[in-house]
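Enquirer: quick check, what structure comes out for this input:
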Amino acid sequence: MKKPVLSTDEFSRLKGLEDLGILDTLPEERFDRITNLARLIFDVPIALVSLVDRDRQWFKSCYGLNVDSTARDVSFCGHAINEPAPLVVEDATQDKRFSDNPLVLDDPCIRFYAGYPIQTSGGHKIGTLCVIDTQARVFNDGDRTKLAALAQMVESEILITEQMRGQQKIEAAKAHVQDTIMAMGNRDDFAKVINAIGIAFSELGIADEGWGLNWMDENSNSVVSYNYVGGILQKKEVSKSKGEIPTLLAFWRRNQVWERKIDPELYRGLGDEYTPSVVIDVPFSRGTLAVGLRAELSQNEDLIGIMREFCEQLSVASVRVSDIEKREIALVGLQRSLEEAEDARLVADRANQAKSEFLANLSHEIRTPMNGVLGMIELVLDSDLNDEQRQSLEMAASAGEHLLKLLNEILDLSKVESGKLVLEHAPFSLRTACEEVSELWAGNLAGRGVVWEHDFSAIGVDIVIGDSMRLRQIMLNLLNNASKFTEHGLIKLGVKSELVERDVVVDVRVEDTGIGIPKEKLSSIFGAFEQADASTTRRYGGTGLGLSICTELVKMMRGEICVYSEEGEGSVFSFRVLLADGDSMQSG
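Expert: Numbering: from 1, shown residues only. Modelled structure (predicted):
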């Protein structure tokens, strides 16, 4: 028995067979239809589409056998792929090559074999369409013509498989490039896109003599060429006036493909192994994608089509590079602005801290003698005075108390701003605190013609832990504002509390039917020294510090304050604070 010899192009033949992705796949009706037709035409029990692998012949389509492969060493098809014409064995028992072959001596007892080689589009013989009989028979020229026609049908299906596989590989390569583009985070990542295209070219068998990228910059006097030879990147700048570069630029500006024999001078220094006979440049938005080939001119339409698809991706990547560059410039500017703003904030904080400390010290130094002055006035008022003297001293006492209140507010504000104000953390009765505020305010409003109402029925949690003095201060300040701006009508204080998870939520609401606040002033009234109108201070008095202090105190109690007002109809100030549950603390 003579074993089949290896083909002269065995390595590339096996590579072509592997690239088809057809080995060990399920049967397909398109191939079975041809083998069934062959069986009927030649009236044989066995018809095969046999693919000759490294160590076996595998049957893509099989009629008449119960196996899907046999060893290559005993195969008839292994001989057929090396023949320039179809291999016909009319009687295997009389052929020295096959007479002692196991497939002749034993099952399936081959006597007759006719196999026509099947080729890929690249010219590699990967197998045969063959018909087999268990009896010797004559195979004439007409039979050979019929077998050749059937083999061409198989080759047509193989070509379709090649095209499908090729397109799948192209789509997979493009998907990898697209993923790389989408992952770009900085301008240097463009190199990863170039590398991904290089991997795609390698997998697709493109650019057998290297490939490259020509980067065009209208503002530069040179073209930057990135050439990949043997997997190594070689960067070279070429003057726009040198060699073929002016022509390359002209084609690029017209968005045209340039396919030409190369100018050796242009590629000098890229290595002796870089010897293409043809270079194709396909344009994209920022340059050209170039490949070197040994092929002839005007035989590369399919390749150019593939290159155009990658050029579209390069254009997208170029846009992303531009966007990234703009973003990086914007980020640098933003970072600089943030740093300048932070520097300004630190300067302002230091100035504000110095101001707060100065005001705190000043108010403290003035408040001590002022208390002494007010004390002396009280003593004198208790003595025998005539009406004029008493009136003058009462005016002095009133002015002194107003000044002392101002000093206290300045001291509170400066403590808050400097972070020196510490809230007390002690249990107290919320209801009692609210009733004390109500009794005090009912007395202040007596005889003014303003209706005073309060509602504490929604106080669900009474014993809380916090700073009762500061809580009363907030309520009194809001009531003082309501009283100041309400000459007739109603002032109402409402308080409710409930346990939410581990906190007691306290909601306080102060309503009045006073003069109200213009909508355009609502956003500014909580600032220090702010009032709704400059004339307000002249008519109603006040420093504009009260609401600012209230706001900061509410924040310190983990809450917020807000206002709703209609000019001429009144205002509603409300705030919410979070306090600890006194009952649970005591039981714990």
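
Enquirer: what helix or strand does residue 223 sit in?
Expert: strand 222-229 (DSSP states H and E).

Enquirer: got the CA positions of that strand in PDB?
Expert: The C-alpha trace of strand 222-229 is given here as PDB (Å, rounded to 0.1, in the frame of the first residue of the first chain):
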ATOM      1  CA  SER A 222       5.700  67.500   7.200                       C
ATOM      2  CA  VAL A 223       3.700  64.300   7.100                       C
ATOM      3  CA  VAL A 224       4.100  61.900  10.100                       C
ATOM      4  CA  SER A 225       4.300  58.300   8.800                       C
ATOM      5  CA  TYR A 226       3.800  55.400  11.200                       C
ATOM      6  CA  ASN A 227       4.900  52.300   9.400                       C
ATOM      7  CA  TYR A 228       4.500  48.800  10.900                       C
ATOM      8  CA  VAL A 229       7.000  46.300   9.500                       C
END
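
Enquirer: note down every partner strand of it and its orientation.
Expert: strand 211-215 (antiparallel), strand 232-239 (antiparallel) (DSSP bridges).

Enquirer: for these, which one sits closest to residue 256?
Expert: strand 211-215 (14.1 Å; Cβ to Cβ). (Glycine included, C-beta is placed from N, CA and C.)

Enquirer: show me how this structure divides into domains.
Expert: Annotated domains of the chain cover 10-167, 187-321, 426-587 [automatic domain parsing].

Enquirer: worst average pLDDT in the strands paired with strand 222-229?
Expert: Ranked by mean pLDDT, those bottom out at strand 232-239, with a mean of 79.

Enquirer: in it, what's buried?
Expert: 234, 236, 238 (16 or more other Cβ atoms under 10 Å).

Enquirer: tell me what the first one is bridged to.
Expert: Okay, so that is residue 234. Under the criterion used (DSSP bridges), residue 234 bridges to residue 227.

Enquirer: then the last one?
Expert: Here residue 238 sits in beta bridges with residue 223, as judged by DSSP bridges.

Enquirer: do you know how far it is from residue 244?
Expert: 9 Å (Cβ to Cβ, to the nearest Å).

Enquirer: try the first one
Expert: In this view, residue 234 and residue 244 are 18 Å apart by Cβ to Cβ.

Enquirer: element containing residue 510, please.
Expert: Counting by DSSP H and E, residue 510 is part of strand 503-512.

Enquirer: strand partners of that strand, parallel vs antiparallel please.
Expert: Strand 503-512 has these strand partners (DSSP bridges): strand 489-500 (antiparallel), strand 570-581 (antiparallel).

Enquirer: list the buried residues for it?
Expert: 503, 504, 505, 506, 508, 509, 510, 511, 512.

Enquirer: now do the contacts for the last one.
Expert: By Cβ atoms under 8 Å, 6 or more residues apart in numbering, the residues touching residue 512 are 482, 483, 485, 486, 489, 490, 491, 492, 570, 571, 572.

Enquirer: give the ChimeraX command for selecting the buried subset of those.
Expert: Filtering the contacts of residue 512 down to the buried ones (16+ other Cβ under 10 Å) takes a single ChimeraX command:
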select :482,483,485,486,491,492,570,571,572
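
Enquirer: possible to save the contacts of residue 512 as JSON lines with distance to residue 554 and pLDDT?
Expert: Formatted as JSON lines, the contacts of residue 512 follow (distance: Cβ to Cβ, whole Å; pLDDT from 0 to 100):
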{"residue": "482", "distance to residue 554": "17", "pLDDT": "89"}
{"residue": "483", "distance to residue 554": "20", "pLDDT": "88"}
{"residue": "485", "distance to residue 554": "20", "pLDDT": "86"}
{"residue": "486", "distance to residue 554": "22", "pLDDT": "88"}
{"residue": "489", "distance to residue 554": "26", "pLDDT": "89"}
{"residue": "490", "distance to residue 554": "24", "pLDDT": "92"}
{"residue": "491", "distance to residue 554": "20", "pLDDT": "93"}
{"residue": "492", "distance to residue 554": "20", "pLDDT": "94"}
{"residue": "570", "distance to residue 554": "21", "pLDDT": "91"}
{"residue": "571", "distance to residue 554": "17", "pLDDT": "93"}
{"residue": "572", "distance to residue 554": "15", "pLDDT": "94"}
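
Enquirer: okay but residue 65 is in contact with residue 45, surely?
Expert: No - when contacts are counted by Cβ atoms under 8 Å, residue 65 is not listed as touching residue 45 (9.2 Å).

Enquirer: averaged pLDDT, the host helix or strand of residue 115. What do you get?
Expert: Assigned by DSSP H and E, residue 115 falls within strand 112-119. Summarised as a single mean, pLDDT over strand 112-119 is 96.

Enquirer: give the next helix or strand downstream of whichever helix or strand residue 61 is part of.
Expert: Assigned by DSSP H and E, residue 61 belongs to strand 56-63. Counting by DSSP H and E, the next helix or strand C-terminal to strand 56-63 is strand 69-71.

Enquirer: okay, now the sheet partners of that next one, with direction.
Expert: strand 56-63 (antiparallel).
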